[in-house]
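*Asks:* Got a predicted model here, sequence first, then my questions.
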Amino acid sequence: MYLQHFELSEPPFSLTPDTGFFFGQGSHQEALNVLLVALHNGEGFIKVTGEVGTGKTLLCRQLLKLLQEHAVTAYLPNPFLNPTGLRMALAGELGIEFARNIGQHRLLQLIYERLSQHNCDGRRVVLVIDEAQTLPDDSLEALRLLTNLETEKRKLLQVVLFAQPELDRRLRREEFRQLRQRIAFSHELRPLDAPALERYVHHRLTIAGYRGAVLYNRRALKCLHRASGGVPRLVNLLCHKSLLLAYGCNARSVSHKQLLVASRDTEAARQPDRRWISAASTLVGALALGGASLLMACNL
């Protein structure tokens, strides 16, 4: 709705993990550097954790994008699988053809043969698992056993786990001590601090083609950081809603009041003082009724 108004070529704050908008600074760039160095060094297990909305999936896809010319990659975005399903999913990602009623010993043999062939060709194989906290306990153990496939000099399969902090709590249990010892590198994604958030917003607007005057002044950015806690997904959601309000008001910049309204309409956001509670209904009505209601929000 507001692309033409702000002269944008595409939506700048979409929730879709588009690698074209990857923010290569701060914790995310640190995590990417750790991953690339660890994979280059041949480490078996690498783990990246972060709270909901901190950008794990976008980082995961950025890693896959960078690896596509240098490694064979297998990607499991939904790993809630039993051990048999996990091995079948890996085999499918590696392009192995097999009968559905194949025995597990034979399937492991086919996986080993394919991994060995890639190793002979000088190509490493990287298994990337998103939402790894959903892996069942027995599948985590099956995953550890898969990394036992190796030559005298290198692992045939490297594994990168992207997960919520729940995985860390599970790995502290005694039965996972062997897997815990296999994880050579770990990194935790952190929310954006205030300076990084300002650069993040500017980065996404620039990628989306914005070339106008400052859209978010310091007071608006301070409000945005307080409401979002620096969580990228919430930043995107609040920026999108505040741009809708500014568009409805025919404004060329976003005010802190419009961000307050957006935060009241977003359950996961940190809520402002109670004196702004009545403002929440303004955005709901604005989005439902269109331009006339949006103009009412300008009087807040």
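*Replies:* The structure has been received and is ready for your questions.
*Asks:* As a check, name the ranges of all helices in this structure.
*Replies:* Secondary structure of the chain by DSSP state H: the helices cover 26-40, 56-67, 83-93, 104-120, 137-146, 166-171, 177-182, 194-207, 218-228, 232-248, 256-264, 280-289, 291-297.
*Asks:* The fourth one versus helix 83-93: what angle between them?
*Replies:* Spelled out, it's helix 104-120. Regarding helix 104-120 and helix 83-93, their directions subtend 40 degrees when assessed with axes from the mean of the first three to the mean of the last three Cα atoms, to 10 degrees.
*Asks:* Return the distance of helix 104-120 from the chain's centre.
*Replies:* On the basis of Cα atoms, centre = their mean, to the nearest Å, the separation between the geometric centre of helix 104-120 and that of its chain is 31 Å.
*Asks:* Which residues belonging to that helix are considered buried?
*Replies:* In terms of neighbour count (16 or more other Cβ atoms under 10 Å), helix 104-120 has its buried residues at L107, L110, I111, R114, L115, H118, N119. Placement of C-beta: from N, CA and C, glycine included.
*Asks:* ok, the residue lying closest to the fifth one once chain neighbours are set aside - contacts?
*Replies:* Read it as L115. If the residues on either side of it in the chain are set aside, L115 comes closest to L156, at 3.9 Å by Cβ to Cβ, 6 or more residues apart in numbering. Shown here is L156, whose contacts under the criterion Cβ atoms under 8 Å, 6 or more residues apart in numbering are Y112, L115, S116, H118, N119, V125, L149, E150.
*Asks:* The closest residue to the first one other than its chain neighbours and G42: what is the separation?
*Replies:* Yep, that's Y112 we're talking about. Leaving aside its chain neighbours, Y112 sits nearest to L149 (5.5 Å; criterion: Cβ to Cβ, 6+ apart). Distance, L149 to G42, by Cβ to Cβ, to the nearest Å: 13 Å.
*Asks:* for L63, same thing?
*Replies:* As it turns out, when the distance is counted by Cβ to Cβ, L63 lies 16 Å from G42.
*Asks:* Tell me which of these two has more neighbours.
*Replies:* More crowded of L63 and G42, by other Cβ atoms under 10 Å: L63, with 24 against 13.
*Asks:* isn't that one right up against L35?
*Replies:* Yes: with contacts defined as Cβ atoms under 8 Å, L63 counts as touching L35 at a distance of 5.6 Å.
*Asks:* any shared contact partners between these two?
*Replies:* In terms of Cβ under 8 Å, 6+ apart, L63 and L35 are both contacted by the residues V160.
*Asks:* Adding mean pLDDT, write the helices of the chain out as TSV.
*Replies:* Formatted as TSV, the entries for these read as follows, by pLDDT from 0 to 100:
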stretch	mean pLDDT
helix 26-40	94
helix 56-67	97
helix 83-93	97
helix 104-120	95
helix 137-146	95
helix 166-171	96
helix 177-182	94
helix 194-207	97
helix 218-228	96
helix 232-248	96
helix 256-264	94
helix 280-289	47
helix 291-297	44
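*Asks:* Highest mean neighbour count out of those?
*Replies:* Neighbour counts averaged per stretch over these are highest for helix 256-264, at a mean of 25; criterion: mean count of other Cβ atoms under 10 Å.
*Asks:* so that one versus helix 218-228, what angle?
*Replies:* 10 degrees.
*Asks:* quick check, distance from helix 256-264 to the centre of its chain.
*Replies:* Taking Cα atoms, centre = their mean, one finds helix 256-264 lying 25 Å from the centre of the chain it belongs to.
*Asks:* Report the inter-axis angle for it versus helix 232-248.
*Replies:* 130 degrees.
*Asks:* Lovely, talk soon.
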